[in-house]
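Q: fold the stuff below for me.
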Amino acid sequence: MIEPCIEIRDLCFAYPDGREAVCDIDLRVDCGEKVALVGPNGAGKSTLMLLLTGLLNGKGSVRLFGEELAADNLGRMRARMGLVFQNPDDQLFSPTVFDDVAFGPLYAGMPEEEVRGRVIWALEQVGLEGYEGRLSHHLSLGEKKRASIATVLSMQPELLVLDEPTAGLDPRARRRLIELLTELEQTMLVATHDMRLVEELLPRTVIMNQGRVSADGQTTAVLADSDLLQACGLF
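A: Predicted coordinates for the structure are as follows:
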């Protein structure tokens, strides 16, 4: 039996101004699945991702790898997942690419030799071999996106949570990023407006609208339902 990587039950969250961002979310993602999370702006996708990673706290149940997400296991759960932000400048803050990719393993207390090995391995995975000494803020947007993914791959996570990974990329950089994500074996939850990315990479699609799950099914079936896509502001 396939084990669930993510189990969410009756999850709700409202911001301090009273705006309800997500409401009554039920979602299960099994280990090894690659799932798209789509919906119009303001649908609650980014909020849901922040709730999954413990950066926000809502009402309801969030279970990761079979454990309820809680304050006493938050560090351990975060070590098993990697969140890649939409804007790579939110993730790349060190002087060099090496320093950025090494940050997680160093913070986890790994020995220097292992840290160096993980950095080299992670950069190889994203096609940035030899970039260790490059200045992060001098990279192209596509290179920054791949470097951001390397920063989480260096921790060898089981789950990748990506927010708009192809946003702002030119066609060549976008194609290279999709090829990279196709090759990675991790469970993925990908929030995106890029419906071609959904069709090419993600076999299952969850639609959010006004903070709720409006549809959840095979991508081919969901994308074929023009009435549903139009109702949810995706058509």
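Q: please name the nearest non-neighbouring residue to Q125.
A: In this structure, Q125 finds its nearest non-sequential neighbour in L153, 5.4 Å apart by Cβ to Cβ, 6 or more residues apart in numbering. The way it works is simple: take the backbone N, C-alpha and C, and place the C-beta from them, glycine included.
Q: what does D30 give?
A: I2 (4.5 Å).
Q: what segments of this protein are helices?
A: In the chain, the segments counted as helices under DSSP state H are 45-52, 74-79, 97-107, 112-125, 141-153, 171-183, 195-201, 219-224, 226-231.
Q: would JSON lines of these with mean neighbour count, distance to G133 and mean pLDDT be doable?
A: Shown next, in JSON lines, are the helices of the chain (neighbours: other Cβ atoms under 10 Å; distance: least, Cβ to Cβ, whole Å; pLDDT from 0 to 100):
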{"stretch": "helix 45-52", "mean neighbour count": "23", "distance to G133": "32", "mean pLDDT": "92"}
{"stretch": "helix 74-79", "mean neighbour count": "15", "distance to G133": "27", "mean pLDDT": "88"}
{"stretch": "helix 97-107", "mean neighbour count": "21", "distance to G133": "7", "mean pLDDT": "94"}
{"stretch": "helix 112-125", "mean neighbour count": "16", "distance to G133": "11", "mean pLDDT": "93"}
{"stretch": "helix 141-153", "mean neighbour count": "24", "distance to G133": "13", "mean pLDDT": "92"}
{"stretch": "helix 171-183", "mean neighbour count": "15", "distance to G133": "22", "mean pLDDT": "88"}
{"stretch": "helix 195-201", "mean neighbour count": "17", "distance to G133": "31", "mean pLDDT": "91"}
{"stretch": "helix 219-224", "mean neighbour count": "16", "distance to G133": "40", "mean pLDDT": "93"}
{"stretch": "helix 226-231", "mean neighbour count": "13", "distance to G133": "46", "mean pLDDT": "86"}
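Q: would CSV of those helices with distance to R212 be doable?
A: Output for these, formatted as CSV (distance: least, Cβ to Cβ, whole Å):
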stretch, distance to R212
helix 45-52, 11
helix 74-79, 25
helix 97-107, 34
helix 112-125, 35
helix 141-153, 28
helix 171-183, 27
helix 195-201, 19
helix 219-224, 16
helix 226-231, 13
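Q: wait, which of those helices is closest to A36?
A: Across the helices of the chain, A36 has its closest neighbour in helix 195-201 (4.3 Å, Cβ to Cβ).
Q: contacts only, for E33.
A: C5, T187, M188, P203, R204 (Cβ atoms under 8 Å, 6 or more residues apart in numbering).
Q: cool, and R196?
A: Under the criterion of Cβ under 8 Å, 6+ apart, R196 has no contact partners.
Q: with A231 instead?
A: N209, S214.
Q: how near is V97 to G32?
A: 29 Å (Cβ to Cβ, to the nearest Å).
Q: okay, now G82: neighbour count?
A: 24 (other Cβ atoms under 10 Å).
Q: who does it bridge with?
A: Beta bridges link G82 to L160 when assigned by DSSP bridges.
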